[in-house]
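Asker: I would like the atomic coordinates for the input below:
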Amino acid sequence: MRARRPQMGVVLTAQHRAGRLAFAREHQDWQIRHWRLVLFTDESRFTLSTCDRRDRVWRRRGERSAACNILQHDRFGSGSVMVWGGISLEGRTALHVLARGSLTAIRYRDEILRPLVRPYAGAVGPGFLLMQDNARPHVAGVCQQFLQDEGIEAMDWPVRSPDLNPIEHIWDIMSRSIHQRHVAPQTVQELADALVQVWEEIRHLIRSMPRRCREVIQARGGHTQY
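Answerer: I've put the predicted structure just below:
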């Protein structure tokens, strides 16, 4: 045995596990043609300070505090960018950069559902399914009413299931890509521009959905490697 960093996971109650297990069992027999109709969406926040504790330095004993071995990290002073995106087997939406302020239900409807999701749903056609998590703006009455009026069906997504959403891996890939650049973004605008560029280069991971469901079943609704 060797000492390893523990895998991070959300807190799962018995109710959460039951919901996750029920969802996985319901969709375990879905084939790729079924998942083809689903648009997986999510928001994520990226910061200018990219310290994620993955970095390593080679150093001699006693050189821990040498300037070349210190990764400077401003915990509170760095700017950040929140983005929203959607992916499917057929393609992806544009990456939407959210301006300052929090994401409210009204903003979600007016900046995302109306200009981005509705046209995408129309392009996919009958059977389109919107995957969104249970964040408050997503499940607010005004947004639910908008989806109903537009005839857009949203999946009944289990609470606390980021491992079932393949877009979560894309956020991680994007973060690593930005972090590994020779010249890191210095301003919020540079960060936003870099995120949009990386977004267009990412391949989709939706073909992993059958495997994700199987792993949730094997874990009896618990945490998975995703």
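Asker: Which residue ranges of this protein form helices?
Answerer: Ranges of helices in the chain, per DSSP state H, are 14-27, 32-35, 105-107, 118-124, 136-139, 141-150, 167-179, 188-199, 209-218.
Asker: Looking at those, spot the one closest to Arg60.
Answerer: Within these, the stretch nearest Arg60 is helix 167-179; the backing value is 25.5 Å (C-beta to C-beta). Where C-beta positions appear, they are placed from N, C-alpha and C, glycine not excepted.
Asker: centre of the chain versus that closest one, how much separation?
Answerer: Averaging C-alpha positions (C-alpha atoms, centre = their mean, to the nearest Å) puts helix 167-179 9 Å from its chain's average.
Asker: From here on, call the first residue 537.
Answerer: All right, first residue 537 from here; so that's helix 703-715.
Asker: And the contacts of it?
Answerer: Residues outside helix 703-715 that contact it (C-beta atoms under 8 Å, 6 or more residues apart in numbering): 576-578, 580, 582, 586, 588, 590, 621-623, 698, 720-721, 727, 730-731, 734-735, 737-738, 740-741, 762.
Asker: Now list the buried members of the residues you listed.
Answerer: Taking 16 or more other C-beta atoms under 10 Å as the criterion, what is buried in those is 576-578, 580, 582, 586, 621-623, 721, 727, 730-731, 734-735, 738, 740-741, 762.
Asker: In a markdown table: the helices of the chain, plus mean pLDDT.
Answerer: Output for those, formatted as a markdown table (pLDDT from 0 to 100):
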| stretch | mean pLDDT |
| --- | --- |
| helix 550-563 | 97 |
| helix 568-571 | 92 |
| helix 641-643 | 97 |
| helix 654-660 | 96 |
| helix 672-675 | 97 |
| helix 677-686 | 98 |
| helix 703-715 | 91 |
| helix 724-735 | 94 |
| helix 745-754 | 95 |
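Asker: got JSON lines for those, with distance to Arg628 too?
Answerer: Converted to JSON lines, these look like this (distance: least, C-beta to C-beta, whole Å):
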{"stretch": "helix 550-563", "distance to Arg628": "22"}
{"stretch": "helix 568-571", "distance to Arg628": "15"}
{"stretch": "helix 641-643", "distance to Arg628": "21"}
{"stretch": "helix 654-660", "distance to Arg628": "9"}
{"stretch": "helix 672-675", "distance to Arg628": "19"}
{"stretch": "helix 677-686", "distance to Arg628": "20"}
{"stretch": "helix 703-715", "distance to Arg628": "9"}
{"stretch": "helix 724-735", "distance to Arg628": "8"}
{"stretch": "helix 745-754", "distance to Arg628": "16"}
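Asker: who wins for proximity to Arg597 among those helices?
Answerer: Across these, closest to Arg597 is helix 703-715 (C-beta to C-beta), at 27.6 Å.
Asker: Tell me what angle that closest one forms with helix 724-735.
Answerer: Inter-element angle recorded for helix 703-715 and helix 724-735: 120 degrees (by axes from the mean of the first three to the mean of the last three C-alpha atoms, to 10 degrees).
Asker: Ser616 is nearest to which of the helices of the chain?
Answerer: Closest of these to Ser616 is helix 724-735, at 7.4 Å (criterion: C-beta to C-beta).
Asker: any idea how far the residue nearest the centre of the chain is from Phe682?
Answerer: In the chain, the residue lying closest to the centroid (C-alpha atoms, centre = their mean) is Glu704, at 3.2 Å. Glu704 sits 25 Å away from Phe682, going by C-beta to C-beta, to the nearest Å.
Asker: Going by neighbour count, list what's buried in stretch 694-703.
Answerer: Within stretch 694-703, the residues scored as buried using 16+ other C-beta under 10 Å are Pro694, Arg696, Ser697, Asp699, Leu700, Asn701, Pro702, Ile703.
Asker: Fine by me, thanks again.
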